[in-house]
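> Next input, structure requested:
(2 chains)
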Protein chains: 2
Amino acid sequence: MHQTFDAALEINLLHANQAGADHNRSHFDEWGIRCLNLMSSPGAGKTALLERTLAALSGELKITVIEGDMTTELDADRLRQYGVPVIAINTGRSCHLDSKMVAGGIHSLAKDYDPSKFDLLLVENVGNLVCPAEFEVGEHGKVALLSVTEGEDKPLKYPLMFREADCLLLTKIDLAPYLEIDLPRLEANVRQINPQVTILPVSAKTGEGLENWLAWVRLTVNSSQQTVVSSRPTVQ
Amino acid sequence: MHQTFDAALEINLLHANQAGADHNRSHFDEWGIRCLNLMSSPGAGKTALLERTLAALSGELKITVIEGDMTTELDADRLRQYGVPVIAINTGRSCHLDSKMVAGGIHSLAKDYDPSKFDLLLVENVGNLVCPAEFEVGEHGKVALLSVTEGEDKPLKYPLMFREADCLLLTKIDLAPYLEIDLPRLEANVRQINPQVTILPVSAKTGEGLENWLAWVRLTVNSSQQTVVSSRPTVQ
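This next block holds a predicted model:
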């Protein structure tokens, strides 16, 4: 969050965003869509994970994607190859998606598709381990990705993202042998911030751990349509 | 940058920050200190690079560090082991350092030290590839770090950071053999955004390329004390 001159304005900004997020979620619930918000530092592998996810699940679930980037449609184009509708949102100078942008994305989707035909909306946020965690977009669950190359101290240094996450994917786990990463310590640091989060080591490159991730996604889609973000699945 | 309700407020925020940055820099120039602002995604290796830099240069240059983190003094404590004054700034919910915070850090340093005795102030910004690039703190040069694990598309997706950088360090170059990274394409993407930037591949782990980085730092310290951020050294 940028510091503003006016604390009241900052509160207004977050309140207005939250109202928009609640509005989005009520539409998702009405349509029977589950929404997941994927967040991480740049380059932690959100798009690679989505490619694997679409390849595995687009036969059994009707999926659509909102792809947030400050600029370019590079990631959106990668995902369009999987034959699902991908709405690209360029945020310009904004360092995160907000609920208003996602509402705009949904309106754009609804021009060509009946939203109630979808089971799952995957939102790929702007690469940023800080600000996206403050701006809910209407999701039913928050998925944080942390590449093992980023180091075991990150949950302590960027606590909000890790506190908010329902599922934490430790990505690029195939690189762990080439790093000095202390994985038990990383897990302990995560648990200090968020004892309940589901932690799943994965590699989009080798496929390691992806079955657990796909099981978590299926469980989220098939769980109650009631909006309870805090009802955290416990697949490990 | 967060979207605010009021475009004028956003402009005021950046203008006020710039005035503070210019003020800081005029002090640095008066004291004969050169200031570098190090910025990157979380986990790209800013602190590891600073450890190597302090180990190599603290005998020949009088160095001080401002260490910006949202929370914790983990990184500041790592750097204090090198026997240089390290001022820790916890930014709380703010996703970047600004010129006012750095001014506060300098005032804190000046309680115990004569600032004019220092040659070099190294500022480690909050891990964020977006917002720190918008908020100058009074630096004479901007150093961006991009880990090769982050992928070759990042300069296109986060252009401001790469456009603003005077020196770009491609960190963790020792991991390149284990990745599918296309280094020539990465360099082409950087050059598309910023043709003049000095690009230096480095590894804080193996020491590869560090001599080039140290040469760039020495050149920056020894170059004219006139404030010309755009006078880019061309060490390659």
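> how far off helix B:7-31 does the longest helix along chain A point, in degrees?
Longest among the helix segments of chain A by residue count, using DSSP state H, is helix A:7-31. Calculated by axes from the mean of the first three to the mean of the last three Cα atoms, to 10 degrees, helix A:7-31 forms an angle of 130 degrees with helix B:7-31.
> Residue A:105: which element?
helix A:99-112 (DSSP states H and E).
> Which residue is the nearest non-sequential neighbour of residue A:55?
Computed as Cβ to Cβ, 6 or more residues apart in numbering or on different chains, the closest residue to residue A:55 that is not its neighbour in sequence is residue A:82, at 6.3 Å. To be clear about C-beta, it is placed using only N, CA and C from the backbone, and glycine gets the same treatment.
> Doesn't the one you found lie inside a strand?
No. Judged by DSSP: H, G, I helix; E, B strand; the rest coil, residue A:82 forms no part of a strand; its state is coil.
> burial count for it?
Using other Cβ atoms under 10 Å in any protein chain shown, residue A:82 has 17 neighbouring residues.
> Check the gap between it and residue A:54 for me.
4 Å (Cβ to Cβ, to the nearest Å).
> Let's verify the residue nearest in space to the middle of chain A: helix, strand, or coil?
In chain A, the residue lying closest to the centroid (Cα atoms, centre = their mean) is residue A:38, at 1.2 Å. Here residue A:38 is recorded as strand under three-state DSSP.
> Report the contact partners of it.
For residue A:38, the contacting residues are A:46, A:49-50, A:122-125, A:143, A:145, by Cβ atoms under 8 Å, 6 or more residues apart in numbering or on different chains.
> Which of those has the largest number of neighbours?
Most neighbours among the contacts of residue A:38, by other Cβ under 10 Å: residue A:125, with 29 neighbours.
> I figured that residue hits residue A:95, correct?
No. In this structure, residue A:125 is not within contact of residue A:95 by Cβ atoms under 8 Å, at 9.8 Å.
> Quickly list what's touching both of those two.
Shared contacts of residue A:125 and residue A:95, defined by Cβ under 8 Å, 6+ apart, are found at residue A:132.
> Could you say which helix or strand holds the nearest residue to residue A:214 once chain neighbours are set aside?
Excluding the flanking residues, the one nearest residue A:214 by Cβ to Cβ, 6+ apart is residue A:56, at 5.5 Å. Per DSSP H and E: residue A:56 is located in helix A:46-57.
> Contacts made by that helix with the rest, please.
Where contact means Cβ under 8 Å, 6+ apart, the residues beyond helix A:46-57 that reach it are A:38-40, A:63, A:65, A:75, A:78-79, A:82, A:84, A:120, A:122, A:124-125, A:127, A:145, A:169, A:171, A:202, A:204-205, A:207, A:210, A:213-214, A:217-218.
> List the buried residues of it.
Residues of helix A:46-57 classed as buried: A:46-54, A:56-57 (neighbour count, 16 or more other Cβ atoms under 10 Å in any protein chain shown).
> Pull out the buried residues from the least confident helix or strand in chain A by mean pLDDT.
Within chain A, no helix or strand scores below helix A:7-31, which has a mean of 91 by mean pLDDT, DSSP states H and E. Using 16+ other Cβ under 10 Å as the test for burial, helix A:7-31 gives A:10, A:13-14, A:17, A:20-21, A:24-25, A:27-29, A:31.
> And chain B, is it touching that?
Yes. Using Cβ under 8 Å from any Cβ of the partner chain, helix A:7-31 reaches chain B at A:9, A:12-13, A:16.
> Reformat those as CSV; add distance to residue B:185.
Listed next are the residues of helix A:7-31 next to chain B as CSV, based on distance: Cβ to Cβ, whole Å:
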residue, distance to residue B:185
A:9, 42
A:12, 44
A:13, 38
A:16, 41
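> between those residues, which is closest to residue B:187?
Set against residue B:187, the nearest of these by Cβ to Cβ is residue A:13 (38.7 Å).
> and residue A:64, how far is that from residue A:70?
Residue A:64 is 21 Å from residue A:70, by Cβ to Cβ.
> quick one: the strands in chain A?
Ranges of strands within chain A are A:34-40, A:63-69, A:86-90, A:120-124, A:141-147, A:167-171, A:198-201, based on DSSP state E.
> Just the pLDDT at the nearest residue to residue A:204 once chain neighbours are set aside, thanks.
Nearest residue to residue A:204 in three dimensions, chain neighbours excluded: residue A:48, at 3.9 Å (Cβ to Cβ, 6+ apart). If you check residue A:48, the pLDDT there is 98.
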